[in-house]
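*Asks:* Sequence plus the predicted model coming up.
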Amino acid sequence: MSESRRDEPRANPAFGPDRRYSAGTSGEHPGMANYPSDGDGYRRSEATRRSSPTSSSNRYLPPLGEQRTQNIGPPPGPRGADEQVTRGRGAAYRSREMGTKVYSMVHRAATADGADKSGLTALTWPVVANFAVDSAMAVALANTLFFAAASGESKGKVALYLLITIAPFAVIAPLIGPALDRVQHGRRAALAMSFVLRAALAFVLIMDYDGATGSYPSWVLYPCALGMMVLSKSFSVLRSAVTPRVMPPTIDLVRVNSRLTMFGLIGGTIVGGGIAAGTEYLLTTVFRLPGALFVVVFVAVAGASLSMRIPRWVEVTEGEVPATLTYHGESGPRGWIDEPAAKTGRPRQPLGRNIITSLWGNCTIKAMVGFLFLYPAFVAKAHQASGWVQLGMLGLLGAAAGIGNFAGNFTAARMRLGRPAMLVVRCTVAVTVMALVAAVTGNLIVAAVATLVTSGATAIAKASLDASLQDDLPEESRASAFGRSESVLQLAWVMGGAIGVLVYTELWVGFTAISALLILGLAQTIVSYRGDSLIPGFGGNRPVLAEPEGASAVSYR
């Protein structure tokens, strides 16, 4: 691209016809987590657009108007000085007052920054329901699915577990992203359907539950487990494609995704998982029923209903340009492309160098996350220890993962992601180093520290990827790019989980195997950051901002 073309002012549709910006404009909203423009054409100057709190960078939102004051409900009436209440009435009053305060706090957090008008609040509750369903399923199947195949004496069960649950998903995951590009007006229905099908699978498991042994027939358990896994990952991909459409005008996608994750962790994983565990214990011991699966059915039905309450504008696809991971052009001076590579076919938007680097780093870390999700269960079962010792091992790693995830999301929402690709590289290095240390020591405490670092790093790296997607892509391609990137991340999770199932149940052996994969991923991440690639077409040998490809492609810069 010529110098004059890069410096020529262009109209910004978010500001209207009278406001214009240039590629070299620099500026940043003080509260934003995305990196500012460099002034040399390397970054899209959307910071200027986001600097106005009244102008929305989301062209799909209708006029939001003035902020409404939400009426949460009348506060509890005051008690007179001479009012004599019984101890029971006093306790009821305090409980009602506490409930009102908690509801008010959650309501304010969910509707902050205009989220109620943009549709983000409506998306938040299905996300919480998805986290809760996953937690309840983990509680329901913890002692039947994971541990049933984890016995060190039965390698045939391990192979069967891998074949039926992980291998099919490795084939399905790459198809989810492209399928999203063809879903024109059914994204809300697709989200709801992911819940409905999970409720149906949970109901099938309930009907086949053997109360005497507390188990399920294998021919029912494994297919239902696969279906649950695929539908959960499909929801994550669908949610990533919908999120850019409900972004409030005053915050960016990094904070939007961090907010959704925090709500999911607290409301879904912690609260929902706790309710599922209590219900499982009560119904299993008293009535010999799978209590957690009843929670799955109830929450899944509620999630389906909540999904249909998401605003209709998330299904507006007019003008979208699908994103593509591959790149076929020639890199020009200073990372810019001189001419679009492809002149024929459907227009596509290649991902830029920073996005590809961030994606490779996130995939590397996600493989470690998948490994840590499955491998500890096999290690705990292989050790001939009491149930409490096994529970303690899993509890230690689970607590480390929860603390790291919470701290990572909390930190990512408040960081200034000035160079997101570099931050992803550093996170990938930290995770790889911790995996190597755990492989050398073979110690459970070191493995817990590695889990803590991995959980925090994956949250920060994902926020950096979100920042790159928002700032280096035109708005017309963001929804597709989020869906594609999430599909790739889920596939990386499957690869890491497969290693956790296949390797021998000794800590140093397992961490040695995953370290080998992490080293390869780290090498590709570093090479991509430097503008090269170990895999042709899928690395950083491309411009920072790539031009659209295709017969009808237009320049967004």
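*Replies:* Done, it's in.
*Asks:* Just give me the neighbour total for the closest residue to R288 other than its chain neighbours.
*Replies:* Nearest non-adjacent residue to R288, counting by Cβ to Cβ, 6 or more residues apart in numbering: G211, 3.4 Å away. For the C-beta atoms, the positions are set from N, CA and C on the backbone; glycine is no exception. Using other Cβ atoms under 10 Å, G211 has 11 neighbouring residues.
*Asks:* where's G211 relative to T458, distance?
*Replies:* For G211, the distance to T458 (Cβ to Cβ, to the nearest Å) stands at 39 Å.
*Asks:* So the residue nearest to R288 is in contact with L289, correct?
*Replies:* Yes. With contact defined as Cβ atoms under 8 Å, G211 counts as touching L289 (6.8 Å).
*Asks:* Now stretch 404-422: buried residues?
*Replies:* For stretch 404-422, the neighbour count (16 or more other Cβ atoms under 10 Å) marks 404-406, 408-409, 412-413, 415, 417, 420-422 as buried.
*Asks:* Among those residues, which has the minimum pLDDT value?
*Replies:* Model confidence across these bottoms out at L417, which has 73.
*Asks:* Is that one in a helix, a strand, or coil?
*Replies:* Here L417 is coil, with the state taken from DSSP: H, G, I helix; E, B strand; the rest coil.
*Asks:* Backbone dihedrals for it, please?
*Replies:* phi -80, psi 70 (degrees, to the nearest 10).
*Asks:* so which helix or strand takes in the closest residue to it other than its chain neighbours?
*Replies:* Among residues not flanking L417 along the chain, A467 sits closest, at 4.6 Å (Cβ to Cβ, 6+ apart). Following DSSP states H and E, the helix or strand that holds A467 is helix 444-472.
*Asks:* hey, which helix or strand in this structure has the poorest pLDDT?
*Replies:* strand 20-21 (a mean of 36; mean pLDDT, DSSP states H and E).
*Asks:* where in this protein is pLDDT low?
*Replies:* 1-60, 62-89, 143-185, 317-319, 329-345, 383-388, 550-557 (pLDDT under 70).
*Asks:* wait, S464 sits on S358?
*Replies:* Yes. Contact criterion Cβ under 8 Å: S464 and S358 qualify, at 5.6 Å.
*Asks:* So for these two, which residue has more residues nearby?
*Replies:* The neighbour comparison of S464 against S358 (other Cβ under 10 Å) goes to S358, with 34 against 31.
*Asks:* right, and the helix or strand after whatever helix or strand the more buried one lives in?
*Replies:* Assigned by DSSP H and E, S358 belongs to helix 353-382. Per DSSP H and E, the first helix or strand lying C-terminal to helix 353-382 is helix 387-412.
*Asks:* how big is the angle separating that next one from helix 353-382?
*Replies:* Calculated by axes from the mean of the first three to the mean of the last three Cα atoms, to 10 degrees, helix 387-412 forms an angle of 170 degrees with helix 353-382.
*Asks:* Output the buried residues of stretch 404-422 in CSV, with distance to A367 appended to each entry.
*Replies:* Shown next, in CSV, are the buried residues of stretch 404-422 (distance: Cβ to Cβ, whole Å):
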residue, distance to A367
G404, 16
N405, 17
F406, 22
G408, 17
N409, 20
A412, 20
A413, 25
M415, 24
L417, 23
P420, 20
A421, 19
M422, 21
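*Asks:* tell me which of the residues you listed is nearest to V133?
*Replies:* Set against V133, the nearest of the buried residues of stretch 404-422 by Cβ to Cβ is N405 (17.7 Å).
*Asks:* List the residues that contact the closest residue to that closest one other than its chain neighbours.
*Replies:* Nearest residue to N405 in three dimensions, chain neighbours excluded: S455, at 4.3 Å (Cβ to Cβ, 6+ apart). If you count contacts by Cβ atoms under 8 Å, 6 or more residues apart in numbering, S455 has them with 369, 400-405, 408.
*Asks:* neighbours around V128, how many?
*Replies:* If you count neighbours by other Cβ under 10 Å, V128 ends up with 25.
*Asks:* mind checking which helix or strand it is in?
*Replies:* helix 120-141.
*Asks:* what packs against that helix?
*Replies:* helix 87-111, helix 187-207, helix 218-242, helix 253-263, helix 273-287, helix 291-307 (3 or more Cβ pairs under 8 Å, 6 or more residues apart in numbering; DSSP states H and E).
*Asks:* The residue nearest in space to the middle of the chain and G273: what is the separation?
*Replies:* Geometric centre of the chain, nearest residue: S236, 6.1 Å, by Cα atoms, centre = their mean. Shown here: S236 relative to G273, a distance of 17 Å by Cβ to Cβ.
*Asks:* and the closest residue to F294 other than its chain neighbours, what does it touch?
*Replies:* In this structure, F294 finds its nearest non-sequential neighbour in T279, 6.6 Å apart by Cβ to Cβ, 6+ apart. Neighbouring residues of T279 by Cβ under 8 Å, 6+ apart: 291-292, 294-295.
*Asks:* would JSON lines of the residues you listed with neighbour count and distance to C224 be doable?
*Replies:* Output for the contacts of T279, formatted as JSON lines (neighbours: other Cβ atoms under 10 Å; distance: Cβ to Cβ, whole Å):
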{"residue": "G291", "neighbour count": "23", "distance to C224": "17"}
{"residue": "A292", "neighbour count": "26", "distance to C224": "14"}
{"residue": "F294", "neighbour count": "19", "distance to C224": "15"}
{"residue": "V295", "neighbour count": "27", "distance to C224": "16"}
